[in-house]
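> Compute the structure for the input listed below.
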Amino acid sequence: MAMADQEGGIGPNSGSEFALSFYSAMDSCGGCCGGASGDVQICVVMDRCCGGASGDVQICVVVCCYVQICVVMYGEWEGASGGGGDWSDGSMARKLSKGFKNRRKKGKKMGVPRNSPKTPPKKITLKDLLDHDSKNNHNPDYEEILSVIYYCSYIYTFTDPSETPLQQNLKRDKLMKLFTLVKSLKRPVPNEILSPLFAMISANLFRPLPPPNNTSIICILPDDDELFATPAAAWPHLQLVYEILLRLIISSEPNTLKGHINNSFLLNLLHLFQSEDPRERESLKNVYHQIYSNFTSYRSFMRKAMNDVFLHYIYETDQKHCGIGDLLEIWGTIINGFSVPLKEEHKLFLTRVLIHLHRPKGMQVYFRQLAYCVYQFVEKEPMLGVDVVRRILRYWPVTNCQKEVLLIGELEELVEIMEPEQHRILALPLCTQITKCLNSFNSQVAERALYVWNNEQFVKMASQDIGEVFPIVVEGMEKNLKWHWSQSVRQLTENVQEMLEKMEPSLYSRCLSQLDLRESATNQEEMRRKRRWEIIEEAAKRNQYIQDLQRLCLTNSKA
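Residues are numbered from 1 along each chain as shown. Here you go, the predicted model:
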């Protein structure tokens with residue numbers, strides 16, 4: 001668009017020159033398009049700045065090739081048909097338009113002479129195309145997204161009395177709208193959107209957590225953390241923020257998010273795993289695992305950060321950590337992707353972290369995830385089973401019956417995937433511990449230990465070193481049959497006894513005879529001990545010094 005200002009415009013007496021240049025412009029355009037003239041649009045703009053009835057006139061001619069020519073004129077001007085007129089009433093505009101149309105009908109070609117030099121067309125470069133594409137395809141939703149982001153950056157705690165439900169619901173609606181806008185974007189989110197968006201996410205998520213209701217590390221049931229959990233008050237907002245973050249991680253390239261998801265961001269996410277709300281921990285688990293899956297350069301740091309959380313829980317605190325099970329669940333998927341043979345780093349994680357997680361008193365809260373991780377390691381490298389079982393036996397509980405029941409089940413699962421070479425090594429120590437458990441006065445522990453003998457792999461393991469195992473097991477069975485208070489335990493013991501006797505009848509009878517000999521020897525030793533004490537007591541009665549001492553003690557006590 002070309003526009004002449006008032007000082008440099010066309011004067012009132014230069015109508016013929018203007019008409020000539022105007023028709024030349026039209027002819028040039030028609031010539032470049034093969035003789036087809038374009039459309040003509042004349043817009044009259046009145047302005048009283050020149051005084052009198054006359055005003056400024058702006059003629060906008062739209063011709064082919066999307067070319068628009070704008071000319072500013074002053075006052076009155078003789079039109080193309082030769083007559084005069086006043087532009088203020090629009091008559092000259094109508095005449096000019098009619099003159100163009102008549103010129104088309106008569107077939108007069110509009111254009112410059114054919115032998116006149118033509119301006120060579122401008123070459124279009126790739127940069128011009130990209131600039132044109134970026135200008136024409138500017139997404140108008142970006143401004144709307146920014147406005148919604150700035151609104152959602154305001155935090156509602158749901159505990160402040162000055163907050164109204166209307167304000168809280170309005171923010172939730174804005175978050176839902178923001179999630180829809182982010183989800184509908186067909187192109188990667190630009191940095192001018194990502195920066196405020198991650199600032200909003202951090203402001204909403206990274207907050208001080210309330211102190212836990214139950215600070216004790218001991219939990220009666222595995223689901224105690226959910227029974228006594230304090231739900232997050234702002235969960236209606238947090239839920240949508242987690243969904244927005246997860247959507248960004250899934251749909252964006254890792255390189256575009258590295259400036260926003262850094263080590264500090266990951267540590268803040270780990271801190272939120274202490275939340276008592278299981279819904280928030282579930283969302284955190286999905287987000288953290290997706291980051292681990294997409295950002296390969298952060299994997300080593302993320303593993304070390306999770307290990308620090310585990311070690312702090314084992315050695316440096318006596319309070320519970322609600323997110324240990326969720327972090328172990330993430331580790332379960334990570335271990336599942338390890339290649340064989342395992343790296344030394346991963347083996348150290350098994351022996352220095354996972355095995356030591358059997359020590360805390362509240363292990364039953366996260367036992368299912370812990371047992372799965374250990375099982376994955378032994379399944380990938382069965383040779384690790386010997387070290388794992390020996391370390392678990394080292395941390396065997398004495399007074400925690402629930403842990404005993406869980407550990408018996410874990411050992412039974414590990415025996416099923418180990419090889420015969422490991423069975424031969426573990427037969428004696430493992431059967432010794434199981435025998436101690438079946439003699440437990442806690443009926444649950446005793447019954448769980450007796451049920452192990454229904455496992456075919458466990459029986460095969462015991463048969464690998466049956467000469468050493470049978471005497472210990474037979475002795476435990478006989479103790480249960482004679483002394484255990486529970487009728488169900490005695491019944492289960494009889495069933496196991498029959499099975500073992502059928503498996504090795506001669507060995508079983510020999511073990512019984514040896515047991516009888518040991519019991520008789522023990523009884524004789526007990527009788528000798530009692531006899532020695534009786535002799536000592538009789539000698540003491542005959543000792544005058546001791547009698548005088550007894551009288552003195554009685555006198556002092558009466559005084």
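> where does the protein have low pLDDT?
1-141, 214-229, 544-547, 558-559 (pLDDT under 70).
> Let me see the domain layout of it.
15-105, 519-558 (automatic domain parsing).
> Show me the strands in the stretch 101-250 of the chain, by range?
Counting by DSSP state E, counting those that start in this stretch, the stretch 101-250 of the chain has no strands at all.
> What ranges does it have for its helices?
For the stretch 101-250 of the chain, the helices defined by DSSP state H, counting those that start in this stretch cover 126-136, 141-152, 165-184, 191-205, 224-227, 235-251.
> do you know which of those helices lies nearest residue 447?
helix 224-227 (23.5 Å; CB to CB). (Each C-beta comes from the backbone N, C-alpha and C, glycine too.)
> Can you get me a residue count around residue 467?
Using other CB atoms under 10 Å, the number of residues around residue 467 comes to 10.
> SS state for it?
helix (DSSP: H, G, I helix; E, B strand; the rest coil).
> Once you drop chain neighbours, what's closest to it?
Spatially, and ignoring its direct neighbours in sequence, residue 467 is nearest to residue 507 (7.6 Å; CB to CB, 6 or more residues apart in numbering).
> Name the helix or strand for that neighbour, please.
helix 505-542 (DSSP states H and E).
> ditto for residue 371
helix 367-380.
> What lies in contact with that helix?
Contact with helix 367-380 is made by 222, 325-326, 328-329, 331-332, 335-336, 338, 340, 342, 346-347, 350, 354-355, 357-358, 363, 384-385, 388, 406, 409-410, 413-414, 417-418, as judged by CB atoms under 8 Å, 6 or more residues apart in numbering.
> Quick check, residue 240 in contact with residue 175.
Yes: contact criterion CB atoms under 8 Å: residue 240 and residue 175 qualify, at 3.9 Å.
> When the two are compared, which one has more neighbours?
In terms of neighbours (other CB under 10 Å), residue 175 is the more surrounded of residue 240 and residue 175; the figures are 24 against 21.
> so the more buried one touches residue 242, yeah?
No: between residue 175 and residue 242 there is no contact under CB under 8 Å: 10.5 Å.
> just to revisit the earlier point, kindly reformat the helices of the stretch 101-250 of the chain as TSV containing distance to residue 290.
What follows is the helices of the stretch 101-250 of the chain, written out as TSV (distance: least, CB to CB, whole Å):
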stretch	distance to residue 290
helix 126-136	31
helix 141-152	21
helix 165-184	15
helix 191-205	14
helix 224-227	24
helix 235-251	5
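> for the helix holding residue 507, packing partners?
Applying 3 or more CB pairs under 8 Å, 6 or more residues apart in numbering; DSSP states H and E, one finds that helix 505-542 contacts helix 466-483.
> residues of the helix it packs on that come out buried?
466, 469, 470, 471, 472, 473, 474, 475, 476, 477, 478, 480 (16 or more other CB atoms under 10 Å).
> if we can go back for a sec, and the residue nearest to residue 467, what is it in contact with?
Applying CB under 8 Å, 6+ apart, the residues contacting residue 507 are 466, 467, 470.
> cool, and residue 449?
Here residue 449 is in contact with 408, 434, 435, 437, 438, 440 (criterion: CB under 8 Å, 6+ apart).
> What is the burial count for residue 406?
Going by other CB under 10 Å, the residues that sit close to residue 406 add up to 21.
> Confirm for me that it is in contact with residue 366.
No: using CB under 8 Å as the test, residue 406 is too far from residue 366 to be in contact (10.8 Å).
> where exactly do the helices run in the stretch 301-450 of the chain?
Counting by DSSP H, counting those that start in this stretch, the helices of the stretch 301-450 of the chain are 324-336, 344-349, 367-380, 384-394, 401-417, 420-438, 443-451.
> got those as CSV, with distance to residue 143 columns?
As requested, the helices of the stretch 301-450 of the chain are exported to CSV (distance: least, CB to CB, whole Å):
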stretch, distance to residue 143
helix 324-336, 38
helix 344-349, 48
helix 367-380, 46
helix 384-394, 58
helix 401-417, 57
helix 420-438, 66
helix 443-451, 65
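> Ok, which of those comes nearest residue 542?
Comparing those by CB to CB, helix 420-438 comes nearest, at 45.9 Å.
> Which elements pack onto that closest one?
Counting by 3+ CB pairs under 8 Å, 6+ apart, helix 420-438 packs on helix 384-394, helix 401-417, helix 443-451, helix 456-464, helix 466-483.
> Adding distance to residue 288, write these out as a markdown table.
A markdown table is the format used below for these (distance: least, CB to CB, whole Å):
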| stretch | distance to residue 288 |
| --- | --- |
| helix 384-394 | 26 |
| helix 401-417 | 26 |
| helix 443-451 | 35 |
| helix 456-464 | 36 |
| helix 466-483 | 45 |
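> So which of these is nearest residue 212?
helix 401-417 (20.9 Å).
> Pull out the buried residues from that closest one.
401-408, 410-415.
> isn't residue 422 right next to residue 384, touching?
No: shown here, residue 422 and residue 384 do not form a contact pair, counting by CB under 8 Å, at 9.3 Å.
> more crowded one of these two?
residue 422 (23 against 20).
> picking up where we left off before, which one among the contacts of residue 507 gets closest to residue 396?
Using CB to CB, the contacts of residue 507 come closest to residue 396 at residue 470, 22.3 Å.
> Kindly provide the distance from the closest one to residue 500.
Distance from residue 470 to residue 500, counting by CB to CB, to the nearest Å: 7 Å.
> Mind listing the shared neighbours of those two?
residue 508.
> could you flag which of the contacts of helix 367-380 are buried?
Here, 16+ other CB under 10 Å leaves 222, 325-326, 328-329, 331-332, 335, 342, 346, 350, 354-355, 357-358, 363, 384-385, 388, 406, 410, 413-414, 418 buried among the contacts of helix 367-380.
> The closest residue to residue 256 other than its chain neighbours: what's it in contact with?
Distance criterion CB to CB, 6+ apart; nearest residue to residue 256, sequence neighbours excluded, is residue 188 at 6.0 Å. Counting by CB under 8 Å, 6+ apart, residue 188 makes contact with 252, 253, 256.
> And residue 188, its phi and psi?
phi -60, psi 140 (degrees, to the nearest 10).
> what do you get for residue 397?
phi -70, psi 160.
> how about the closest residue to residue 407 other than its chain neighbours, what does it touch?
Closest residue to residue 407 apart from its sequence neighbours, by CB to CB, 6+ apart: residue 392 at 6.3 Å. Residue 392 sits next to 355, 358, 407, 410, 411 when contact means CB under 8 Å, 6+ apart.
> Which residues are in contact with residue 406?
363, 364, 367, 371.
> Could you rerun that using 10 Å?
222, 358, 363, 364, 367, 368, 370, 371, 397, 400, 448 (CB atoms under 10 Å, 6 or more residues apart in numbering).
> Buried subset of the residues you listed, written for PyMOL?
Burial among the contacts of residue 406 is assessed by 16+ other CB under 10 Å; the matching PyMOL selection reads:
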select buried, resi 222+358+363+364+367+370+371+448
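> I appreciate the help and will end here.
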